[in-house]
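Peer 1: Compute the structure for the input listed below.
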Amino acid sequence: MEKIVVVGGGIAGTIAAMTAKKESSKTPVSLITEERYAAYSRCGLPYLISGEVKRWEHLLIYNEETLRNQTMIDLKLSTYVKKIDTSNRRIIISELNEYSKTLEYTKLIIATGATAIKPSIVGINLKNVFEIRNLNDSLKIKEAAQSKGKAIIVGGGLVCLETAEALRRTGVKVTIVSQEKEILSMVFDEEIGKLVRRRLEEHKVEVIEASKLEYIYGTRKVEAVKVNGRILPCSILVMALGVKPNSSLALEAGIPTGKYGGIIVNDKMETKIQDIYAAGDCTEIYNFITNEYMPIQLATIAHREGEIAGGNSVGGNKGIGKVVSNSCTKIFGLELATVGITLKEADRMGIKAYDIFIKSSNKIDYFPRKKSVWTYLIFDSKTNRLIGAQLAGERASTWGNFAALAILQGLNVDDLANFSNSYSPSVENFWAGLVVAAKKVRELKTII
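Peer 2: Next up is the predicted model:
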C-alpha cells in the first residue's frame, strides 16, 4: 500500500501533504515538522514584532485541528528526522521526550526549508542575539523590544529592512550593518538601493555599509558590537544575513545537491533518487534566464512546488514550467518590487545586458496628488528581451507582476514600448513608467 511521508511543515511541505491527500484520499500521509506549530506565514514575522499583526495565532495558515481532523493527515509536531534511509525506504524520527523510531514510506517528499546564515563569531550565543527565521524568533524579538533600547541588525536584504522598520515602530533605535556597498544589493541594483537607503535614513534608521561585524560584547546578554573597529552599544542584535537551503538530511542520504547547496529537482520536483521528491526553499530549480539551477526562495514558489510534489507523489504528472523570481515589500511607505535578475547577476553569469532607469509620476502632470515612481529595466543585449525589472513607488508590485509575465512570455523592448496601458487622470498616467522606460530605450538605441 502507498504511504506518503512529508518531511518539513512549512508552506511547501504542508501544501504537498494536503495535495497528496486531496488527490488520493485513501493514501496515508504523514507530515513531520520540528516546530510546535502547524504551517504559518514566515513573511508575517516582522509585522508581529511591530504589532501590526496583533497575535501570533493570526499568522497560522492551517491550524493543527484542520490538518489532523479535516484532512486526516498524520501530523507530527516537535518531531525531528534524524536520518533518511533510502535503501530501506524509511526515516528515523525522534518525537519529543520519546526514543527514536522508524517510519516507512513508499514516496518521500523533502520540504526542510532553509536555515538562517549564522557566522562563527565570539558572543553569537549571548542572550538577545537573535535570528529571524521562525515564530519563536519573532516573539522573542518582540519581547526584547519592550525595553525601547538600541538594536543592531546585521544584513541588508528584504527581511533585514522589514525588521528594521518593525523595531522602529516599537520605539527602538535601529542601526543596519551591511557588508555590501549598497543596501538590498542581492535583489536590487544600485539605483533603487540608494532610494531605499534615503528612505531608511529619513526614518532615523542608521545604515553602515561595506562593513563587517567583528565581535559581540557582553557577559550574559549582548551589550555592544565591534564593526570595522568601531564599538556600537546595543541591547538587541538581529542576525539577518539571509538563508541557505536546509539540505543536510538529503545530503547525508546521498541525494544530490547543487552549486548553491539546494536539492536538485527536475520539472516534476523529483530528486535524483527514485520516489523521493523535494519542494520549497531546500531545492534548486532551473532558472531559464540564467540557464542554471539555483534556489528561488519565495513563498509563492514554495506553494507551487508543494502542489506539484504532492500531486505527483500519488500518480500525477505535472511540471512546474518556467519560474521567475518575483517579490515585493513596502519599507516606510515605499513600495518595492524586484523581478527576474539584477544587472549584477547578469554580469556574473556572463549575460550581456543593458539597462534603463527613469523617474516618472503615477498620474498625469496636471493632476494633483501625483507621486513619483521609479522604474529600472534590464534587457538581454542579444534578444532585446526583458530579463529583469525593479520598481519603487505606488503600484510597484502591480507593475512588477506585469513585468514577471512579460519575462515569462519573452517580451522585448518593442513589445513593451508599444503596450497601451489603461489610463485615467485620477488612476494611472497616460504612459505607465514601464512603458515610458521601454520607449526611452528604443529612442536611445535609434539615436545610437
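Peer 1: first to last residue in stretch 85-93, what's the distance?
Peer 2: End-to-end distance for stretch 85-93: 11 Å, by Cα to Cα, to the nearest Å.
Peer 1: Need the contact partners of it.
Peer 2: For stretch 85-93, contacts defined as Cβ atoms under 8 Å, 6 or more residues apart in numbering pick out 5, 7, 32, 76, 79-84, 100-106, 108, 253-255, 273, 275-276. (Glycine included, C-beta is placed from N, CA and C.)
Peer 1: Helices - which of these land there?
Peer 2: Under the assignment DSSP state H, the contacts of stretch 85-93 contribute nothing to helices.
Peer 1: Show the buried residues in those.
Peer 2: Among those, those classed as buried by 16 or more other Cβ atoms under 10 Å are 5, 7, 32, 76, 79, 81, 84, 103, 105, 108, 253, 255, 273, 276.
Peer 1: ok, now which ones touch the closest residue to the last one other than its chain neighbours?
Peer 2: Spelled out, it's Ile276. Counting by Cβ to Cβ, 6 or more residues apart in numbering, Ile276 lies nearest to Leu108, which is 4.8 Å off, once chain neighbours are set aside. When contacts are counted by Cβ under 8 Å, 6+ apart, Leu108 touches Ile4, Val5, Val6, Val7, Ile84, Arg89, Ile91, Asp275, Ile276, Tyr277.
Peer 1: for the nearest residue to the fifth one once chain neighbours are set aside, what are its contacts?
Peer 2: Read it as Ile84. Using Cβ to Cβ, 6+ apart and skipping the chain neighbours, the partner closest in space to Ile84 is Ala253 (3.8 Å). Residues near Ala253 by Cβ under 8 Å, 6+ apart: Lys83, Ile84, Asp85, Thr86, Ile273.
Peer 1: Out of the buried ones among the contacts of stretch 85-93, which is nearest to Tyr423?
Peer 2: The closest of these to Tyr423 turns out to be Val7 (Cβ to Cβ; 50.6 Å).
Peer 1: Hmm, the closest one is touching Ile32, no?
Peer 2: Yes - contact criterion Cβ atoms under 8 Å: Val7 and Ile32 qualify, at 5.3 Å.
Peer 1: Need the residues touching each of these two.
Peer 2: Joint contacts of Val7 and Ile32 (Cβ under 8 Å, 6+ apart) are Val81, Ile91.
Peer 1: Export the contacts of Ala253 as CSV, with columns for distance to Leu126 and pLDDT.
Peer 2: As requested, those are exported to CSV (distance: Cβ to Cβ, whole Å; pLDDT from 0 to 100):
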residue, distance to Leu126, pLDDT
Lys83, 32, 96
Ile84, 34, 98
Asp85, 38, 97
Thr86, 40, 97
Ile273, 41, 97
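Peer 1: who touches Thr19 in this structure?
Peer 2: Applying Cβ under 8 Å, 6+ apart to Thr19 gives the contacts Gly306, Glu307, Ala309, Gly310, Gly311.
Peer 1: Please identify the buried residues of the host helix or strand of it?
Peer 2: Using DSSP states H and E, Thr19 sits in helix 11-23. Under the neighbour-count criterion of 16+ other Cβ under 10 Å, helix 11-23 has Ile11, Ala12, Gly13, Thr14, Ile15, Ala16, Ala17, Met18, Thr19, Ala20, Lys21, Glu23 buried.
Peer 1: do stretch 109-127 as well
Peer 2: Neighbour counts over stretch 109-127 (16+ other Cβ under 10 Å) mark Ile109, Ile110, Ala111, Thr112, Gly113, Ala114, Thr115, Ala116, Ile121, Gly123, Leu126 as buried.
Peer 1: before we move on, what SS does the residue nearest to Val436 when sequence neighbours are not counted have?
Peer 2: The shortest distance from Val436 to any non-neighbouring residue, by Cβ to Cβ, 6+ apart, is to Ser360 (5.4 Å). What DSSP: H, G, I helix; E, B strand; the rest coil gives for Ser360 is strand.
Peer 1: now Ser360: how far from Ala392?
Peer 2: With distances taken as Cβ to Cβ, to the nearest Å, Ser360 is found 11 Å from Ala392.
Peer 1: gap between the residue nearest to Ile276 and Ser30?
Peer 2: Noted for Leu108: a distance of 10 Å to Ser30, by Cβ to Cβ.
Peer 1: got it, and Lys150?
Peer 2: Using Cβ to Cβ, we find Lys150 at a distance of 46 Å from Ser30.
Peer 1: Find the nearest non-adjacent residue to Lys194, please.
Peer 2: Lys194 sits nearest to Glu182 (Cβ to Cβ, 6+ apart), 6.7 Å away.
Peer 1: and after the helix or strand encompassing Val207, which helix or strand comes next?
Peer 2: Using DSSP H and E, Val207 falls within strand 205-208. On the C-terminal side of strand 205-208, the closest following helix or strand by DSSP H and E is strand 213-218.
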